[in-house]
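Novice: here is a sequence with its predicted model. Questions after.
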Amino acid sequence: MTTPQRTGPADGPWQTDGPGWAAGSDPGAWAGPAGGAGAASGPGPFGGPRPARTAAPPGTPDAADGPDPGTGPPGGAAEPDPEWWARAALTRVLEPGDEIGGRWLREHGAPGLIRLLTGPPGAAAGLTGVGEQRIAGYRRRAALADPRRDLAAAARGGVRFICPGTPQWPTQLDDLGDARPIGLWLRGGPDLRTWALRSVALVGARACTPYGAHMAQTLAAGLAERGWVVVSGAAYGVDGAAHRGALASGGATAAVLACGVDVAYPRGHAELLGRIAAQGLVLGELPPGSHPTPSRFVQRNRVIAALTRATVVVEAAHRSGSLVTARRAQRLGRYTMGVPGPATSGLSGGVHELLRGEAVLVTDAAEVVELVGGMGELAPERRGPVLARDLLHRDTARVLEALPAGRPAHPEEVALAAGTGTDEVIGRLYELHSLGFVERQGEGWQLTTPSREGGTQTGGTRRGGG
């Protein structure tokens, strides 16, 4: 890839006296940590050795110079976008969900924030809201950040980087305010912005019951068959069942990770993550090689909540992280739903607490779509089976109910029990006879006897439910 030369003034947006950003150079001409170049240490993005890198003057074609054109700056422009490069670097500097860093990003812009963090010590005086030690930590991270290395590693692994302002950025993430992701690293081919417009999050307990796994897989398959993208966190339990349900139905699914998208976590889901990347999307806020931490899992949940139209919790105890996702979705104005479980199950206690609040009870994909879908996407009406006697006229049904069980009765006796005239009872009895409800025995009438096959007609139905 040929790195274009920036021809602007020497004090352009990328000039800095700090290490890392080469003074007055193009953002693609990354000097590396401490300004030097050489063999990068540590494993490559997918477990193999990381290739050695040597310094090359700007403009020299070199596979290690920067990201592949297919994953390069948005729009395919020859001139790299300073905002895009700076945000890729800042994913190494700011933790996900860092609202103070998000405020600095909003106030100074990404290139400006990089200049402040990599410039002379006094340059960071304009960054307020934290103490000197924390500022020093940000500066150490910024000095070591190497977006060219990260983007090159990402390109080798089929990973691309998007950020606010790029065509694939899902604007609903902007609802997070200063906690909005700096950018997202994506593994997989689909357009995230398009997918997110019709997406539902399915989350729940890691140590779920067989009931929870079954419900998650069934819901995911039903949503995928209806053209909805199933979003989850690729964890064990409900998350994994949701992804598998969508994949099994040939549908769309996306996994939001709390680590680099090239890191298989949990390790037991390495194959599942590969299938998701091949058929859908794996995405996260952290650059290649980043490891998960408890706080990063919590912050990952805010992305799931903001990215999707609704969050469905299948099984969750009272302290489950899935409830964090659901409550964040509620604060963002998204739909929140819960799948009920046994009242005696501790793994459904958190879901039941949600349902006592503003969450909506759902039991299948049709009910989820009815809430988040377009006009007319209604779930079928739920009711028990319609029995033949339910269709009888009320006067006919009253005569049927007046017949005693187990013996014939004369019309006069039936008329007395039904509170009507004998002539009307006789007419109703003949109507019931034609429909198979009663049979005549000499001068009397009785309920139809059970069939020889062991089933019953009206008589058994009446005695069982009358």
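Specialist: Sure, I can see it.
Novice: buried residues, the longest helix anywhere in the chain. List them.
Specialist: Scanning the chain for the helix with the most residues, using DSSP state H, yields helix 210-225. The neighbour-count check on helix 210-225 (16 or more other Cβ atoms under 10 Å) flags 211-213, 215-224 as buried. Just so you know, the C-beta spots here come from the backbone N, C-alpha and C atoms, and that holds for glycine as well.
Novice: now do it: distance to the chain's middle.
Specialist: Relative to its chain's centre, helix 210-225 lies at 13 Å (Cα atoms, centre = their mean, to the nearest Å).
Novice: returning to that earlier point: dump the buried residues of helix 210-225 to CSV, plus pLDDT and distance to residue 261.
Specialist: Formatted as CSV, those follow (pLDDT from 0 to 100; distance: Cβ to Cβ, whole Å):
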residue, pLDDT, distance to residue 261
211, 96, 31
212, 96, 27
213, 97, 25
215, 97, 28
216, 97, 23
217, 97, 24
218, 97, 28
219, 97, 25
220, 98, 21
221, 97, 25
222, 96, 27
223, 97, 23
224, 96, 21
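Novice: what lies in contact with the longest helix of the chain?
Specialist: With contact meaning Cβ atoms under 8 Å, 6 or more residues apart in numbering, helix 210-225 is reached by 200, 202, 204-205, 208, 230, 237-239, 241-246, 248-253, 312, 314-315, 339, 341-342, 347, 364-366, 368-369.
Novice: out of the buried residues of helix 210-225, which one sits closest to residue 195?
Specialist: Here the nearest of the buried residues of helix 210-225 to residue 195, counting by Cβ to Cβ, is residue 224; it sits at 11.9 Å.
Novice: state the distance from that closest one to residue 365.
Specialist: 9 Å (Cβ to Cβ, to the nearest Å).
Novice: likewise residue 350?
Specialist: According to Cβ to Cβ, residue 350 and residue 365 sit 22 Å apart.
Novice: wait, isn't residue 282 in contact with residue 257?
Specialist: Yes: with contact defined as Cβ atoms under 8 Å, residue 282 reaches residue 257; the gap is 6.4 Å.
Novice: re the thing from before, report all helices and strands that the helix or strand following the longest helix of the chain contacts.
Specialist: Proceeding N to C from helix 210-225, the next assigned helix or strand is strand 229-232, under DSSP states H and E. Secondary-structure packing of strand 229-232 (3 or more Cβ pairs under 8 Å, 6 or more residues apart in numbering; DSSP states H and E): strand 199-203, helix 210-225, helix 238-248, strand 253-257, helix 294-307.
Novice: list the buried residues of the last one.
Specialist: By neighbour count, with 16+ other Cβ under 10 Å as the criterion, the buried positions of helix 294-307 are 296, 297, 298, 299, 300, 301, 302, 303, 304, 305, 306, 307.
Novice: out of those, who's nearest residue 427?
Specialist: Distance to residue 427 across the buried residues of helix 294-307 (Cβ to Cβ) is lowest for residue 305, with 64.9 Å.
Novice: contacting residues for that closest one?
Specialist: The neighbourhood of residue 305, defined by Cβ under 8 Å, 6+ apart, consists of 201, 311, 325, 326, 328, 329, 332, 334.
Novice: who wins for most neighbours among the residues you listed?
Specialist: Per-residue neighbour counts (other Cβ atoms under 10 Å) across those peak at residue 201, which has 32 neighbours.
Novice: that residue contacts residue 310, correct?
Specialist: Yes: with contacts counted by Cβ under 8 Å, residue 201 reaches residue 310, the gap being 7.0 Å.
Novice: need the residues touching each of those two.
Specialist: Counting by Cβ under 8 Å, 6+ apart, the contacts common to residue 201 and residue 310 are residue 329.
Novice: give me the below-cutoff pLDDT ranges for the stretch 251-400 of the chain.
Specialist: Within the stretch 251-400 of the chain, the ranges that satisfy pLDDT under 70 run 375-379.
Novice: please redo it, this time with the cut-off set to 90
Specialist: 319, 358, 373-391 (pLDDT under 90).
Novice: the helices in it, which residues?
Specialist: Under the criterion DSSP state H, counting those that start in this stretch, the stretch 251-400 of the chain contains helices at 270-279, 294-307, 321-331, 349-356, 365-372, 394-402.
Novice: out of these, flag the one nearest residue 182.
Specialist: Across the helices of the stretch 251-400 of the chain, closest to residue 182 is helix 294-307 (Cβ to Cβ), at 11.6 Å.
Novice: and that closest one, C-alpha only, in PDB?
Specialist: Written as PDB, here are the backbone C-alpha positions of helix 294-307 (Å, rounded to 0.1, in the frame of the first residue of the first chain):
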ATOM      1  CA  PRO A 294     -14.800  -7.600  34.300                       C
ATOM      2  CA  SER A 295     -15.400  -3.900  33.700                       C
ATOM      3  CA  ARG A 296     -15.100  -4.400  29.900                       C
ATOM      4  CA  PHE A 297     -17.900  -7.000  30.100                       C
ATOM      5  CA  VAL A 298     -20.100  -4.400  31.900                       C
ATOM      6  CA  GLN A 299     -19.300  -1.800  29.200                       C
ATOM      7  CA  ARG A 300     -19.900  -4.300  26.400                       C
ATOM      8  CA  ASN A 301     -23.500  -4.600  27.600                       C
ATOM      9  CA  ARG A 302     -24.200  -0.900  26.900                       C
ATOM     10  CA  VAL A 303     -23.200  -1.400  23.300                       C
ATOM     11  CA  ILE A 304     -25.600  -4.400  23.000                       C
ATOM     12  CA  ALA A 305     -28.400  -2.300  24.500                       C
ATOM     13  CA  ALA A 306     -27.800   0.800  22.300                       C
ATOM     14  CA  LEU A 307     -27.200  -1.100  19.100                       C
END
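Novice: secondary structure class for the closest residue to residue 100 other than its chain neighbours?
Specialist: Using Cβ to Cβ, 6 or more residues apart in numbering and skipping residues adjacent in sequence, the residue nearest residue 100 is residue 129, 4.7 Å away. Using DSSP: H, G, I helix; E, B strand; the rest coil, the structure places residue 129 in coil.
Novice: tell me, how many residues neighbour residue 129?
Specialist: With other Cβ under 10 Å as criterion, residue 129 counts 11.
Novice: ok, residue 440 next?
Specialist: Applying other Cβ under 10 Å, I find that residue 440 has 12 neighbouring residues.
Novice: shouldn't it be in contact with residue 433?
Specialist: Yes: using Cβ under 8 Å, residue 440 makes contact with residue 433 at a distance of 6.7 Å.
Novice: wait, what's in contact with residue 99?
Specialist: So residue 99 contacts 177, 178, 179 (Cβ under 8 Å, 6+ apart).
Novice: do residue 341 as well
Specialist: Here residue 341 is in contact with 209, 211, 212, 315, 347, 348, 351, 352 (criterion: Cβ under 8 Å, 6+ apart).
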